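Peer 1: no sequence on this one, just coordinates:
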């Protein structure tokens, strides 16, 4: 089975040396200096593809297809105390591309009390703000009763202002407290968690100040121990080399979308260069981007990032969703360097072999074959992408046969593989919102605020769109950007937080009628990085008493992902009707393999590298559930 994909990879590699590669000429030109430095000639309408979706091929109908969903997502953000508005660019009109990208957020248990808190990145406006009125990021502490309190002031997180983008979490100094990294258009910030509810900006002393006159447009980020030395390194995607003093205005192109003047780019603008920082193990980082091969990728205009061992060799790779360009898959060469294999691996383009405007990315094993698949959100007028891993990081585009080709209308941002109903199979949610606020004033049947997409895993390689069955929180329109996944009320199902542009956030609480089992796992590394990021977890359990074999689920602990966001670092596995977990296997980045047998479901296990269970606890759900207003 694996010879065919490997042959395809060798074939594509050989094409790159011959005239037969002419169909890829436009793709390769996207990365050329001449193209990147060219003046604005093309408006952003090139990001709209007007794809014509094909129906999934006929096949055996899944027994769960068309059945009641059993879960409902309810919007409870106002009642939960999440009322802070994310400021980002103009509300009704944008002059520049900078005003369109919005921000991410994180489910982040910063105080280690077992209840996921919420961190929200904030932005800026072109005209600036009066002293004392500048927007800043927000940290909301979980009150354990279904509500949150804004505790930002006094934590050390309230000082940095500007065009915030993404956030990611990891214990970079291995002191037992997960730290926070926030990207900006401009200078990024590393916040060291002091372990007492406060943070210290250690950007300068960690060696992360960016040098030179050029302002970087930093976007997605991930902590990743790419050299497996036990210290978390840091990868930061970059979007566009952008200067407000010289950036084109809509009328300069002119730059239009559906006949409307809109912000110019990214086509025609110079693409940014991705950054890789190596953790030296003494609390500081060094920029190794060029020598590590970050700048040789075909695609540019990087947005969201996900790090994962996609070829199964035990070394983390890095996937980047690029806007208006082929995606990037940096394969870890195990010697401190990377090579972009996205095109030859089949994970760079659409099913029609066209570059797409990628926004968000999530990784998971949706078909239980032990390899990690990729789902990517794209621009309006195009399908989103589902790349199925055939092994050894050889992918097949399964967007249409997988059931994701039915939607081309909305514009996707945040995305996640997650098990919404605890049946042991990963479902998909996508947060949507148009990029141009001007569409609300157009004659086109388009809206800036859009509803979500929700797909149920049919357990046969296909997904069923169940958006209209997912509850009022799914159908409520919002100008969404980043979204994060986590069980904020500790009731055993996964909730969703969404950062919206020039609006208050959404908190989509999952209310389930299923009485299905689950297990949560928190990792503590010793030889590996303390957070356990990059570790692979394999859970084996008899989820269906009538099945001949137990269900085997595989996942990894990851930093960053979705769109500019961070999921809860407690890993969650649905177990359906399993009465026990036969085995949990943890494959740490150090090479250590630990196995834990005969565990009880509906518990959180804290597992330490070396085979020790530090804690086993039955979670107590939030004392009360806030009720959304009618």
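Peer 2: Nice, I can see it. Only a predicted model underlies this, so the values are computations on that prediction, with no experimental measurement involved.
Peer 1: residue 382 touches residue 408, doesn't it?
Peer 2: Yes - assessed by CB atoms under 8 Å, residue 382 is found in contact with residue 408 at 6.1 Å. Quick note: C-beta positions are derived from backbone N, CA and C, even for glycine.
Peer 1: compare neighbour counts for these two and give me the winner.
Peer 2: residue 382 (25 against 18; other CB atoms under 10 Å).
Peer 1: element containing that one, please.
Peer 2: In the assignment (DSSP states H and E), residue 382 maps to no helix and no strand.
Peer 1: then residue 343?
Peer 2: Going by DSSP H and E, residue 343 is in helix 342-345.
Peer 1: quick one: mean pLDDT over that helix.
Peer 2: The average of the pLDDT scores along helix 342-345 is 98.
Peer 1: pLDDT weak spots in the stretch 301-450 of the chain?
Peer 2: Filtered on pLDDT under 70, the stretch 301-450 of the chain yields no residues whatsoever.
Peer 1: the same query, at a cut-off of 80, please.
Peer 2: Low-confidence segments of the stretch 301-450 of the chain, defined by pLDDT under 80: 443-444.
Peer 1: quick one: the strands in it?
Peer 2: Assigned by DSSP state E, counting those that start in this stretch, the strands in the stretch 301-450 of the chain fall at 302-308, 317-322, 328-332, 338-340, 361-364, 373-376, 385-389, 395-397, 412-418, 427-432.
Peer 1: can you map out the helices along the stretch 151-300 of the chain?
Peer 2: Along the stretch 151-300 of the chain, the stretches classed as helices by DSSP state H, counting those that start in this stretch are 289-292.
Peer 1: now the stretch 401-550 of the chain
Peer 2: 472-475.
Peer 1: from what I can see residue 135 touches residue 120, true?
Peer 2: No - counting by CB under 8 Å, residue 135 stays clear of residue 120, with 10.6 Å between them.
Peer 1: what is the least confident helix or strand in this protein?
Peer 2: Here the helix or strand of the chain ranked lowest by mean pLDDT, DSSP states H and E is helix 33-36, holding a mean of 36.
Peer 1: give me every residue that touches the residue nearest the centre of the chain.
Peer 2: Centroid-nearest residue in the chain, with CA atoms, centre = their mean: residue 562, separated by 1.6 Å. Contact partners of residue 562, counting by CB atoms under 8 Å, 6 or more residues apart in numbering, are 104, 304, 360, 361, 362, 414, 415, 416, 482, 483, 484, 485.
Peer 1: and residue 202, how many residues sit next to it?
Peer 2: 18.
Peer 1: which residue, other than its chain neighbours, is closest to it?
Peer 2: residue 192 (4.6 Å; CB to CB, 6 or more residues apart in numbering).
Peer 1: same question, residue 414
Peer 2: residue 483 (3.2 Å).
Peer 1: for the protein, which spans come out with low pLDDT?
Peer 2: 1-60, 213, 443-444, 623-625, 629-630.
Peer 1: identify the bridge partners of the residue nearest to residue 414.
Peer 2: For residue 483, the beta-bridge partners are residue 498 (DSSP bridges).
Peer 1: cool, and residue 506?
Peer 2: residue 498.
Peer 1: tell me the contacts of it?
Peer 2: Per CB under 8 Å, 6+ apart, neighbours of residue 506: 75, 77, 473, 476, 478, 480, 496, 497, 498, 500.
Peer 1: of these, which pair is most distant in space?
Peer 2: The most widely separated members of the contacts of residue 506 are 476 and 497, with 14.0 Å between them, by CB to CB.
Peer 1: between these two, which one's more packed in?
Peer 2: The residue with more neighbours, out of residue 476 and residue 497, is residue 497; 30 against 15, by other CB under 10 Å.
Peer 1: quick one: that one from residue 116, how far?
Peer 2: 9 Å (CB to CB, to the nearest Å).
Peer 1: any shared contact partners between these two?
Peer 2: Joint contacts of residue 497 and residue 116 (CB under 8 Å, 6+ apart) are 107, 486, 488.
Peer 1: tally up the residues packed near the residue lying closest to residue 341 once chain neighbours are set aside, please.
Peer 2: Among residues not flanking residue 341 along the chain, residue 331 sits closest, at 4.7 Å (CB to CB, 6+ apart). Counted with other CB under 10 Å, the neighbours of residue 331 add up to 21.
Peer 1: now swap in the one 5 residues further on and tell me
Peer 2: When neighbours are defined as other CB under 10 Å, residue 336 has 14 of them.
Peer 1: thinking it is in contact with residue 227, fair?
Peer 2: Yes - between residue 336 and residue 227 there is a contact under CB under 8 Å: 6.0 Å.
Peer 1: can you list residues touching both of those two?
Peer 2: residue 278.
Peer 1: using TSV, lay out the strands of the stretch 301-450 of the chain together with distance to residue 587.
Peer 2: TSV is the format used below for those (distance: least, CB to CB, whole Å):
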stretch	distance to residue 587
strand 302-308	13
strand 317-322	15
strand 328-332	16
strand 338-340	21
strand 361-364	16
strand 373-376	18
strand 385-389	17
strand 395-397	22
strand 412-418	19
strand 427-432	25
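Peer 1: and residue 135 and residue 120? Which one has more around it.
Peer 2: residue 120 (27 against 18).
Peer 1: from what I see, that one and residue 140 are in contact.
Peer 2: Yes - using CB under 8 Å, residue 120 is in contact with residue 140, at 7.3 Å.
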